[in-house]
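Q: Everything below, folded, please.
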Amino acid sequence: MQIELLETFLDLVETRSFNRTAERLNLTQSTVSGRIAALEAALEAKLFTRSRAGTDLTMEGRRFDAHARSLRHEWHEAKRRIQVPDRAAHLIRLGIQNDLAAQHIGDWVADFRRALPDAAFYIEPDYSNQMCADLLTGVQDFAVMFSPKPHPDLHFETVGDVPYHMISSEADRLADVAPDSFIFAHFSPAFEAMHRAVTPDLAASAISVGQSGTVAALLTAMGGAGYVLEKTADGLLGGGRFRRVEDAPVLRQPVYAAMHLRHRIAPIHRRLTRIVQRRLAGRTGTGQA
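A: Numbers count the residues shown, from 1 in each chain. Below you'll find the model as predicted:
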């Protein structure tokens with residue numbers, strides 16, 4: 001079995017379009033058709049029907065779907081597990097939301113290493129959608145993110161939240177914040193919805209940004225107001241140029257631990273989850289639980 005056949009099958013399950021799958025995988029349509037034909041020949045079953053209405057899974061295709069997802073995950077996980085660095089018992093690939101990595105990665109990874117001294121870690125700051133995709137395929141083992149993407153093969157667990165504060169170089173009160181110098185933050189869909197609900201007059205800002213560090217950099221360069229992570233706010237307030245917008249509500253972004261469903265009760269994944277929970281709750285500990 002070639003992994004490319006599974007990847008093509010699973011993409012076609014999502015798109016239900018040979019043309020769209022060809023575009024997404026950077027292939028010709030004839031290559032996509034050839035791969036599906038090869039997979040059907042290997043399985044001795046027809047997986048899709050094509051008509052003017054589109055492409056649909058057959059009964060056999062629907063039965064094969066879950067097995068294909070499992071096989072893809074096993075393949076990538078197997079590849080990763082034989083590439084463990086010297087002197088390490090195993091390799092753990094971690095995904096961490098960009099905003100969280102900027103401020104928490106040092107403390108978290110120090111705790112991870114104390115808890116799992118025989119492990120090697122590969123760490124990738126990223127956004128939630130990509131981390132969900134990487135967990136599904138087995139490219140990542142464990143991720144900490146803002147926006148879970150529901151999927152039958154993924155498990156999500158709330159581990160806490162992080163606060164964002166509005167700061168300004170110009171105003172102490174929300175009513176005095178100028179919309180034309182405000183930087184609107186869309187750190188996640190949930191955060192953006194909260195932001196729009198509490199500051200509807202500022203939602204039409206000319207600049208909208210998806211990272212706290214970028215908001216801070218823009219404020220430092222141009223002045224104005226915007227929401228940043230609590231630690232970032234404290235640092236900028238300490239410089240004397242910025243002030244807290246006192247009546248602006250603190251917006252709390254939920255944080256989730258994410259993993260493949262098969263790992264939801266694995267000891268390593270449970271330990272990593274507890275470490276993140278303790279850190280977000282403000283209990284440092286040693287990560288040994």
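Q: Pick out the residue closest to the middle of the protein.
A: Nearest to the geometric centre of the chain sits residue 128, at 1.8 Å (CA atoms, centre = their mean).
Q: quick one: contacts for that one?
A: Contact analysis of residue 128 by CB atoms under 8 Å, 6 or more residues apart in numbering lists 97, 145-149, 188. (Glycine included, C-beta is placed from N, CA and C.)
Q: can you give me the strands for the stretch 151-289 of the chain?
A: Under the criterion DSSP state E, counting those that start in this stretch, the stretch 151-289 of the chain carries strands at the ranges 154-168, 182-185, 207-209, 225-229, 243-244, 251-260.
Q: If you count contacts, what does the shortest one end up packed against?
A: In other words, strand 243-244. The contact analysis (3 or more CB pairs under 8 Å, 6 or more residues apart in numbering; DSSP states H and E) places strand 243-244 against strand 154-168, helix 230-238.
Q: Report the distance from it to the chain centre.
A: When distances are taken as CA atoms, centre = their mean, to the nearest Å, strand 243-244 is centred 30 Å away from the chain's centroid.
Q: Now the element after the lengthiest helix in the chain, going C-ward?
A: The longest helix of the chain (DSSP state H) is helix 59-81. Per DSSP states H and E, helix 59-81 leads on to strand 90-97 as the next helix or strand towards the C-terminus.
Q: If you count neighbours, what's buried in that next one?
A: 91-97 (16 or more other CB atoms under 10 Å).
Q: what's the closest of these to residue 133?
A: Nearest to residue 133 among these: residue 95, at 10.0 Å, using CB to CB.
Q: show me the contacts for the closest one.
A: Counting by CB under 8 Å, 6+ apart, residue 95 has contacts 124-126, 130-131, 134-135, 140, 142-145, 258.
Q: From those, which land in helices?
A: Those of these lying in helices (DSSP H): 130-131, 134-135.
Q: Dump the contacts of residue 128 to TSV, plus distance to residue 237.
A: Output for those, formatted as TSV (distance: CB to CB, whole Å):
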residue	distance to residue 237
97	24
145	28
146	24
147	28
148	32
149	35
188	24
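Q: quick one: which two of those residues are the most distant?
A: Spanning the widest gap among the contacts of residue 128 are 97 and 149, at 13.0 Å by CB to CB.
Q: buried sites along the longest helix of the chain?
A: Neighbour-count burial for helix 59-81 flags 61, 64, 68-69, 71-73, 75-77, 80 (criterion: 16+ other CB under 10 Å).
Q: Check which helices and strands the lowest-mean-pLDDT helix or strand in the chain sits against.
A: Using mean pLDDT, DSSP states H and E, helix 59-81 stands out as the lowest-scoring helix or strand of the chain, at a mean of 83. Contact here means 3+ CB pairs under 8 Å, 6+ apart; on that basis helix 59-81 packs against helix 3-15, strand 90-97, helix 128-137.
Q: Go again with 10 Å.
A: helix 3-15, helix 29-43, strand 48-51, strand 54-57, strand 90-97, helix 128-137, strand 251-260 (3 or more CB pairs under 10 Å, 6 or more residues apart in numbering; DSSP states H and E).
Q: pLDDT on the third one, on average?
A: Read it as strand 48-51. Averaged across strand 48-51, the pLDDT comes to 88.
Q: now the longest one
A: The average pLDDT within helix 29-43 is 92.
Q: tell me the angle of that helix relative to helix 59-81?
A: Per axes from the mean of the first three to the mean of the last three CA atoms, to 10 degrees, the angle that helix 29-43 makes with helix 59-81 is 100 degrees.
Q: and what of the fifth one?
A: Compare the direction of strand 90-97 with that of helix 59-81 by the same axes, to 10 degrees and you get 110 degrees.
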